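# What would the 3D arrangement of this be:
(chains A and B)
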Amino acid sequence: MNRPLRSVTRRGFLRGAALATLGLTVGNRLEGQQEEGSGVEAPSSPAARAKVVLARDPGVVNAQGSLDLTVFGRMLDQALCALEGVAQPEEAWKRFFGPRDRPGIKSNVYGYLRTPVEVEELLRKRVAACGLQEAGIPCTDREARTLLASCTALINVRPVRNHHWSGIGGCLKNHIMFVENPSSYHPDSCANLGAIWQLPILKDKTRLNILLALRPLFYGRGPHNFDPRHQWTYGGLFVSRDPVAIDALGAELLRLKRIEHFGEDRPVTPTKHIQVAETRYGLGVSDLKRIDLVKLGWKEGILFG
Amino acid sequence: MKRRFPRHAIPIGSLVLCWTPGAAQVRERIPANAGDWKPAEAPGVYDSRTVYDYMDGGAELYLSYGMNALGVQVYTKAGAPAITLNLFEMQSAPGAYGVFTYERLDGDAGIGQGSEYASGILRFWQGRHFVFMQALEEAPGVKEAMFALGRDVAARLGPGSPLPRLPSALPPEGLRPLTVRYLLGRQLIEALEAFAVDNALVLPVRCEAVLGRYGHPGRGERILIVKYPDLPAAKKGLESFLTPRAGLPGRPFKGPEGWSVAGLAEDFAILVLGAETPTLATRQFETTARRLQEVLR
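Sure thing, here's the model as predicted:
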């Protein structure tokens, strides 16, 4: 049986985070990732590590909940520089996209907590600056199967939130709109969401994952799983090449916030699909002890030790 | 062994017996207006196959509790936030009660058989129905309109139903009532208890259980009572839980989150989890077993 994410000890996680802050990261290329053309069963190496950058700024969202795009753009650029280990944002972006790519942006339009339109536009501009036509960069959620099918390089961007049936609405789940019948992936707490990433329409196309933690939802209720009481201003964003690692940290952030708020965790559903994405589909690293978290900017209320 | 608990004591069978085609009935139960708030358009009505058109991933929770039909009506008023009414008809009253408990956080609001209100969300259950109403802002008059609408809906739902009996087997001393979760499926148990994932309790897909939390948040124990189809199945489930923990039935053992005791009462498994002391874990187990006999007799 896979160990549930929440069984990872705080001490273990802190040890991993400490390594990151000491600069002992080992880069973002994952050893043991599934190779092109191999079968579905491709567990990542137990020694594989992943790198995730968290950037925060108290000014990115104001008291009314509005986004300051200038601050956001700066946070994003700094995060990508830290992720790629380069000094200039232009150089960082060109590590992800080049003139030969047909880029696209997989967004999320969940009504209560969508990817801000301004963020979508900013991403278009950043990608276009890599030598591409801004107008030719599709950005969509619900029409992913058609508008993004011919893309060769994708940005996967969405806000992090609690989810009824998968525990977390994160980057792994965001690609569910690439399948014709999303509900076919719901059994067993959406355990097999990783399989979507192996489909020809999507396989090896996602270059960059951005998990927005500007105003995350840590506990939802109701048909659309939204309770405004359980949304808070965190002013952060995660970036990574690894969709599993970025979701593991997103899920941990929501768990830590639930503990802070309720005095104990109020589990809704285990984030089983995150572990399965590693063990069955080899998409990345789910174990917090093997994720190097680089933290930039605002530290107050960061929750990660 | 002589059975001490009548098999019919738990209303699992009613999940099937109470089934009715409910889409038309749900539509009829939706009020035409909510005070000054008027319908934005015709109500949406969904069944267990079409509900994904409305809420996709969120549907699984309601389907797990036996959703039969869902009616949705959005009421609008110029200059005020919209009020959305979600009226679920479940296959059984235990399903309606269960889905109400699953996300319960707040004290009773005085509508239906059980209710709560906070931050623009009004939830209640009555009979085979569960109602979830939401307004995205608590602007002046919104709460009052939601309560009036809630009372109007409740009056259209017919009489209430008896509460399932299993939750009352939880010892009341130290129990935090708002944490009680009445569960009608293996996946619901797995969602709330990490140890149970991958069917660690060897449960059928459909089963009845109740979970309650005790003491102070983050420190108190939990009690889980699960009904198995029969005694052999219960023995198998208990063994699956105890063996990896080197535990013995009815005896306390220590794990990462504190002291636990697990054992059987006929075809019910009782699990006391995360108690601060072995004495407390044992006492809670024995009290639960005794109450289970009394409640289900």
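# Please tell me how far the closest residue to B:Phe88 other than its chain neighbours sits from A:Trp298.
With C-beta to C-beta, 6 or more residues apart in numbering or on different chains as the measure, B:Phe130 is the residue that lies nearest to B:Phe88, at 4.4 Å, once sequence neighbours are left out. The way it works is simple: take the backbone N, C-alpha and C, and place the C-beta from them, glycine included. Distance, B:Phe130 to A:Trp298, using C-beta to C-beta, to the nearest Å: 41 Å.
# The two - which one has more neighbours?
B:Phe130 (29 against 17; other C-beta atoms under 10 Å in any protein chain shown).
# Tell me what the more buried one is bridged to.
B:Phe88, B:Trp125 (DSSP bridges).
# which residues touch it?
B:62, B:88, B:90, B:95-96, B:99-100, B:123-124 (C-beta atoms under 8 Å, 6 or more residues apart in numbering or on different chains).
# What's the per-residue pLDDT of it here?
At B:Phe130, the model reports a pLDDT of 98.
# Likewise for the one 4 residues further on?
Note for B:Gln134: predicted pLDDT of 97.
# correct me, but it touches B:Ala118?
No. Counting by C-beta atoms under 8 Å, B:Gln134 sits too far from B:Ala118 to count as a contact (11.0 Å).
# quick one, which of the two is more surrounded?
B:Gln134 (24 against 16).
# list the contacts for the more buried one?
By C-beta under 8 Å, 6+ apart, the neighbours of B:Gln134 are A:222, A:226, B:83-84, B:86, B:120-122.
# burial measure for residue 105, as a count.
If you meant another chain, say so; for now it's chain A. Neighbours around A:Ile105, by other C-beta under 10 Å: 26.
# Hmm, no, I was thinking of chain B.
If we define neighbours as other C-beta under 10 Å, then B:Leu105 has 18 of them.
# Distance check, it against A:Asn225.
Taken as C-beta to C-beta, the span from B:Leu105 to A:Asn225 is 14 Å.
# Over to A:His261?
16 Å.
# Give me the more crowded residue out of these two.
Remark: of A:His261 and A:Asn225, A:Asn225 carries more neighbours, 24 against 15, as counted by other C-beta under 10 Å.
# Can you verify my assumption that that one contacts A:Ser166?
No. Counting by C-beta under 8 Å, A:Asn225 stays clear of A:Ser166, with 10.6 Å between them.
# Residues that sit against both of these two, list them.
In contact with both A:Asn225 and A:Ser166: B:Gly57, using C-beta under 8 Å, 6+ apart.
# Need the pLDDT of B:Gly218.
84.
# Nearest spatial neighbour of it, chain-adjacent residues omitted?
Per C-beta to C-beta, 6+ apart, closest to B:Gly218 is A:Glu264, 3.9 Å.
# which stretches of chain A aren't confidently modelled?
Scanning chain A for pLDDT under 70 picks out A:1-44.
# what residues does it put near chain B?
Counting by C-beta under 8 Å from any C-beta of the partner chain, chain A comes close to chain B at A:1-2, A:4, A:6-7, A:112, A:163-166, A:173, A:182-183, A:186, A:188-190, A:221-229, A:259, A:262-264, A:267-270, A:272.
# so the residue nearest to B:Phe253 when sequence neighbours are not counted, which of the three states?
Take B:Phe253 and drop its neighbours on the chain: the residue closest to it by C-beta to C-beta, 6+ apart is B:Gly247, 4.1 Å away. Of the three states, B:Gly247 takes coil under DSSP: H, G, I helix; E, B strand; the rest coil.
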